[in-house]
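Undergrad: From the sequence below, what's the structure:
(one chain, ligands or ions: 1)
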Amino acid sequence: MIVCRTKEELKSNLNQLRANEKSVGFVPTMGYLHEGHGSLLRLAHEANDISVLSIYVNPMQFGPNEDLDRYPRDEERDLKLAEECGTDIVFIPSNEEMYPKKPLTTVVVNGLTSQLCGATRPGHFDGVGLVVSKLFHLVKPDRAYFGMKDAQQVAVIEQIVDDLNFDIEIVPCQIVREPDGLALSSRNVYLNAEQRAGAVVLSQSLHLAEEWIKETGVTAGSLIERVKSHIGIAKEANIEYVELLHYPTLEPIEVNKYVGSITSRIILALAVKFGTTRLIDNSLLNTSGGANNV
Ligand code: PAF
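TA: Predicted coordinates for the structure are as follows:
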C-alpha cells in the first residue's frame, strides 16, 4: 500500500498503476475509519484493479460552531484497516495541499441542499461539493463509493456528477450497523454510555416505521409523529428533524398523503442530538410492503 501526501505523489503513483487501462475505485473519507468505511474499501478493492482511499478532514464543510477541531483522528489505525481491506493507495493531503489558496469557486447544488442536514448546516454541502469535485479530478476514478447513511450527500454527489459530466459511477452502499442497530459513524465515539444506550431509538424507530407503513391509512404526518414519539423515549434525545421525502429528489411529501399510495422511492430521514453529538440515520421505504436501506 502506497501512502501519498501530495497531489504530485498521488498523480505519479496513479499513472504508474493505471497503465493498461486499469479501473480505479475510490473511497473518499474524513478518516477515523470504522467497519462502514471498511465495507466501502472492500467493495472498491473487489470491483476495481486499483482502490484508492482519501483521508481528509475538509474544513470547508464544517460550520463555525461544529466539531472540526475535535473531529476524531487516528492515522495509524486507519492505515492498518485500509491495508487489511486491500487498499492500494491512500491519499492524506494537508490543508495547504488541498487549498494552497482560498478557493473562489463554489459548487452549489440547488434544490437538494436546503432541506434535511442542509437546513441546519448552511454551506455544508457546498464544502462537500467542492472537495469531492477536487478529489474526483485528482483521482479520476471509474467508480466512487459512498455510504447511504449520508443519503442526502449521495443525492448531491450524484447530481454533481451528472451536471458536471464526471465520468464516474457513484456506488451507494448499504448502511453498516452495530449489533443493536446504531448506524456506524466516526462521531459515535463522542457518546457517553447513557447517550449510546439511548441512541438505539434511531434505528428502532426506522424499523418500526417500516412496519407501520404496512398498515392502511397511515399518512406521512402520522408516520412522522409516531417516529418522533418513539425517539422521545430516549432521555437525552433532542430531535433536529424527522422527515419523509421523495428520494433522490428530496421533494417534500404532503402530511395528508397516504404513505401506501406513494409509488416512487421515499426516504425517512432523521437527525437527533444527544448532548452535543448529532447523529443521522435513514431508511429508504418500500411502500409496497417492506423496506431496505439502499
Ligand atoms: O462523507 C464524508 O466523509 C465526507 O463528507 C466526504 C465525502 C469525504 C467529503 O469530505
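
Undergrad: Excluding sequence neighbours, find me the nearest residue to I224.
TA: Counting by C-beta to C-beta, 6 or more residues apart in numbering, the nearest residue to I224 once its immediate chain neighbours are dropped is V242, at 5.2 Å. From N, CA and C alone the C-beta is placed, and that goes for glycine too.

Undergrad: just how off-centre is whichever helix or strand that neighbour is part of within its chain?
TA: V242 is located in strand 237-246, with elements delineated by DSSP states H and E. Distance of strand 237-246 from the chain centroid (C-alpha atoms, centre = their mean, to the nearest Å) equals 16 Å.

Undergrad: Now do that strand: everything it contacts.
TA: Identification of contacts with strand 237-246 by C-beta atoms under 8 Å, 6 or more residues apart in numbering yields 115-116, 119-120, 198, 201, 220, 223-224, 227-228, 231-232, 251-253, 259, 264-274, 278, 285.

Undergrad: Residue numbers of the stretch 101-250 of the chain in contact with the ligand?
TA: Applying C-beta under 6 Å from any ligand atom, one finds that the stretch 101-250 of the chain approaches the ligand through V128, V131, V132, D150, Q153.

Undergrad: So which of the contacts of strand 237-246 are in helices?
TA: The helices, defined by DSSP state H, take in A119, T120, G198, V201, A220, L223, I224, V227, K228, I231 from those.

Undergrad: R73 in helix, strand or coil?
TA: With DSSP: H, G, I helix; E, B strand; the rest coil as the basis, R73 sits in coil.

Undergrad: burial of it, as a residue count?
TA: As a burial measure, R73 scores 13 neighbours (other C-beta atoms under 10 Å).

Undergrad: now swap in the one 4 residues further on and tell me
TA: Using other C-beta under 10 Å, the number of residues around R77 comes to 12.

Undergrad: so it makes contact with L33?
TA: Yes - using C-beta atoms under 8 Å, R77 makes contact with L33 at a distance of 7.3 Å.

Undergrad: related to what we said a few turns ago, which among the contacts of strand 237-246 end up buried?
TA: Neighbour-count burial (16 or more other C-beta atoms under 10 Å) applied to the contacts of strand 237-246 gives 115-116, 198, 201, 220, 223-224, 227-228, 231, 253, 259, 266-272, 274, 278, 285.

Undergrad: which SSE is S54 in?
TA: strand 50-55.

Undergrad: quick one: that strand near the ligand?
TA: No - if you take C-beta under 6 Å from any ligand atom as the test, strand 50-55 misses the ligand, and the best it gets is 7.0 Å.

Undergrad: quick one: buried residues of that strand?
TA: By neighbour count with 16+ other C-beta under 10 Å, strand 50-55 contains the buried residues I50, S51, V52, L53, S54, I55.

Undergrad: pLDDT wise, what is the residue nearest to I224 at?
TA: pLDDT for V242: 98.

Undergrad: so is A144 in a helix, a strand, or just coil?
TA: What three-state DSSP gives for A144 is strand.

Undergrad: thought it was touching P172?
TA: No - if you go by C-beta under 8 Å, A144 and P172 don't touch, sitting 10.2 Å apart.

Undergrad: more crowded one of the two?
TA: Between A144 and P172, counted using other C-beta under 10 Å, A144 has the larger neighbour count: 24 against 19.

Undergrad: Tell me what that one is bridged to.
TA: Beta bridges link A144 to F26, I170, judged by DSSP bridges.

Undergrad: what's it in contact with, if anything?
TA: Per C-beta under 8 Å, 6+ apart, neighbours of A144: G25, F26, V27, P28, F136, I157, I168, E169, I170, V171.

Undergrad: how about 10 Å then?
TA: Counting by C-beta atoms under 10 Å, 6 or more residues apart in numbering, A144 touches 24-28, 40, 44, 52, 132, 135-136, 157, 161, 166, 168-171.

Undergrad: Filter the residues you listed down to the buried ones.
TA: Among the contacts of A144, those classed as buried by 16+ other C-beta under 10 Å are 24-28, 40, 44, 52, 132, 135-136, 157, 161, 166, 168, 170-171.

Undergrad: Just to be sure, V154 is in a helix?
TA: Yes - counting by three-state DSSP, V154 is located in a helix.

Undergrad: Can you read off the pLDDT for it?
TA: We have a pLDDT of 98 for V154.

Undergrad: That one: neighbour count?
TA: Using other C-beta under 10 Å, V154 has 20 other residues around it.

Undergrad: give the contact list for it.
TA: Neighbouring residues of V154 by C-beta under 10 Å, 6+ apart: F146, G147, M148, I170, V171, P172, C173, Y247, P248, V294.
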